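> sequence-free structure coming up:
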């Protein structure tokens, strides 16, 4: 048996006996993303649905001045709350979200056919009240239009005279497209799963082995150091891949529980997604694992390695943020950027859009080349005299 | 047989090893004796090819350690300064791991493990995970895995460090056994009693240099002292 596999099987055996490694790689890593995601999405989607249907309680000042308006709005979901003395102050002090004030001369102006005034009192810098304000304004607008039309009819004019322009909304987002927007964070969750899956082994087999003073005797064996490194890399990548596979399966389950249909969207989180996402991400597993080992080899202690790797796991967030903030159109060259390429491919897969085979091949080849380059760099660190000597 | 000729090693401006030459013969126990920080560990690290000398040569059974590090590592067994063992593996699995890295097959590994476990008196602990082992049990495990491939040459860095009296006696007995089997044993120590009790030849190192080299009797003669400890203090040039 070659030395690489000797090291590999020893690392695997040792790690499988470590409850901490198992917890992190095979439980926490795969489940963290999907569970976080499910909770987050249920919260967001649930809230949106709730807001559209639930009654809208509003403090109304001077409700008695416009009984017909208030009755019409009650049918649209308005719940009138009793008036208070100083609504501006109450909004500013965040005691209430918004208030509606009906001007004192409302009745007179209405009867005279002049524009009658109502005021919405709110704080636009507060996110929470935003959709309530929009709903209230929508109720007022629809009442205003209806009565405007009635007045025109009463004067023998067609109501369409007052609407020279008709705006119709035609949203071209496919149902999958809208869902995928919500899922923009999913690729990062998968990357995080890969990262957490290999984390313990990468630290333990390099910085940990040095800290426990077992690296020096290991290196006294007649085995070239790159074989030892390769064995450790393969073991780390095995755990990482296991974590990723479990994570993807967990996402499949999450996909079934997602209330996406209620919002008129669907996500291609089926077996097809699983079958393509896994091979797309495996080259990235190798790159991330050898990167983790490189960082752990530089660190002087386990604690230091944990600190560095904690920072490093935020790096894959960059393409996620860029992709969600800048609506970039996927170009072929982007697939050649490790991390970015995989994220683009995953997002297209989620939208049930085909990913060009050339792009997938390019992504895999460049990522594997990058992994090889990092491997050679790590071998240089491994070949240095300082590596084995615990300080 | 280990031959060291004109060995130099510096860390930055500090000369850790400065023109060290000596040889350790088969069938003898050679002691590298010196105070802490004298350059013993660095010298040994160059012998087992963990470090490259800045100048000088190391020959193990006639092979150059810089030119043929893998071949040299096959002919030596090393108990380094760091002797961590894998705590989630049993003592036997620890030994088997190094046997596999030495390229031994299953049958040879089993025989060698059985012999070493019996010789070192490890029968009761061999099947246990090494987590919670005593210092003596850990050193035994580390020695067993270092010698599993029956190397001609044995290098030990401060082998009795942290061992109690009984464990030390057991270890000395074991090293005498290796000597009787014709192996070349080289150990480093800062303990006078160690070399007095064990070594056929003593190489005294201070400040990275060899200050004396000979049998215990020759060294006593050289320093004009009856007690080896007095001779040692005189030779390394320290005043008590």
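Sure thing, it's come through. Note that the structure is a prediction, hence the values are computed from the model and not measured.
> going forward, measure contacts between C-alpha atoms and count neighbours the same way
Will do.
> And the lowest mean pLDDT element among the helices and strands of chain B?
Of the helices and strands making up chain B, the lowest-confidence element is helix B:228-235, at a mean of 77, by mean pLDDT, DSSP states H and E.
> What mean pLDDT does stretch A:13-27 get?
In this model, stretch A:13-27 has a mean pLDDT of 87.
> Straight-line length of that stretch, end to end?
From its first residue to its last, stretch A:13-27 covers 18 Å (Cα to Cα, to the nearest Å).
> Also stretch A:352-363?
Stretch A:352-363 has an end-to-end distance of 19 Å (Cα to Cα).
> Pull out the buried residues from it.
Within stretch A:352-363, the residues that qualify as buried are A:352, A:359-360, A:362-363, counting by 16 or more other Cα atoms under 10 Å in any protein chain shown.
> Narrow the residues you listed to those in strands?
The members of the buried residues of stretch A:352-363 all map outside strands under DSSP state E.
> biggest separation within those, which pair?
Across the buried residues of stretch A:352-363, the longest distance by Cα to Cα is 20.3 Å; it joins A:352 and A:362.
> can you put the buried residues of stretch A:352-363 in TSV and add pLDDT and distance to chain B?
Output for the buried residues of stretch A:352-363, formatted as TSV (pLDDT from 0 to 100; distance: Cα to the nearest Cα, whole Å):
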residue	pLDDT	distance to chain B
A:352	79	46
A:359	91	41
A:360	92	38
A:362	93	38
A:363	93	36
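> Look up how far chain A lies from residue B:25.
21 Å (Cα to the nearest Cα, to the nearest Å).
> In contact with that residue: list those residues for me.
Listed by Cα atoms under 8 Å, 6 or more residues apart in numbering or on different chains, the contact partners of residue B:25 are B:1-2, B:184-185.
> repeat that with 7 Å
Residue B:25 makes contact with B:1-2, B:184, according to Cα atoms under 7 Å, 6 or more residues apart in numbering or on different chains.
> how about low-confidence regions in the chain?
All of this refers to chain A. Regions of chain A meeting the criterion pLDDT under 70 cover residues A:1, A:44-53, A:127-130, A:169-183, A:258-267, A:324-328, A:390-391.
> Sorry, I should have been clearer: chain B.
B:238-240.
> What are the boundaries of the helices in it?
B:40-47, B:69-74, B:91-101, B:106-119, B:135-146, B:165-180, B:192-198, B:216-223, B:228-235 (DSSP state H).
> same check, this time on the stretch 101-250 of chain A
Under the criterion DSSP state H, counting those that start in this stretch, the stretch 101-250 of chain A carries helices at the ranges A:106-112, A:130-154, A:175-182, A:186-203, A:209-211, A:215-219, A:225-257.
> So for chain B, which of these sits nearest?
Of all the helices of the stretch 101-250 of chain A, it is helix A:215-219 that lies closest to chain B, at 6.2 Å by Cα to the nearest Cα.
> Where does chain B get nearest to chain A, which residue?
Nearest to chain A in chain B, going by Cα to the nearest Cα, is residue B:84, at a distance of 4.1 Å.
> ok, that residue touching residue A:213?
Yes: here residue B:84 reaches residue A:213: they are 4.5 Å apart, a contact under Cα atoms under 7 Å.
> Quick check: buried residues in stretch B:119-132?
B:120, B:122, B:125-126, B:128-130.
> no, scratch that, I was asking about stretch B:228-240
B:228, B:231-232, B:234-236.
> which residues touch it?
By Cα under 7 Å, 6+ apart, stretch B:228-240 touches B:192, B:206, B:211, B:219-220, B:223, B:225.
> so which of the contacts of residue B:25 comes closest to residue A:296?
residue B:2 (35.7 Å).
> Who does the closest one form a beta bridge with?
residue B:24, residue B:60 (DSSP bridges).
> Burial check on it, number of neighbours?
A count of nearby residues for residue B:2, using other Cα atoms under 10 Å in any protein chain shown, gives 21.
> My guess is it contacts residue B:61. True?
Yes: contact criterion Cα under 7 Å: residue B:2 and residue B:61 qualify, at 6.3 Å.
> buried sites along the helix or strand containing residue A:310?
Residue A:310 belongs to helix A:302-312 when elements are defined using DSSP states H and E. Across helix A:302-312, burial judged by 16+ other Cα under 10 Å covers A:302, A:304-306, A:308-309, A:312.
> With stretch A:112-124 instead?
Buried, per 16+ other Cα under 10 Å, within stretch A:112-124: A:116, A:118, A:121-123.
> rewinding a little: include distance to residue B:68 when you put the buried residues of stretch A:352-363 into CSV, please.
Converted to CSV, those look like this (distance: Cα to Cα, whole Å):
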residue, distance to residue B:68
A:352, 58
A:359, 46
A:360, 44
A:362, 41
A:363, 41
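> If we ignore the residues flanking it in sequence, what's nearest residue A:27?
Leaving aside its sequence neighbours, residue A:27 sits nearest to residue A:243 (Cα to Cα, 6 or more residues apart in numbering or on different chains; 7.8 Å).
> got a list of what that neighbour touches?
A:25-26, A:29-30, A:193-194, A:197.
> Up against chain A, what does chain B have?
Residues of chain B lying close to chain A by Cα under 7 Å from any Cα of the partner chain are B:48, B:50-51, B:70, B:73-74, B:78, B:80, B:82-85, B:88-89, B:100-102.
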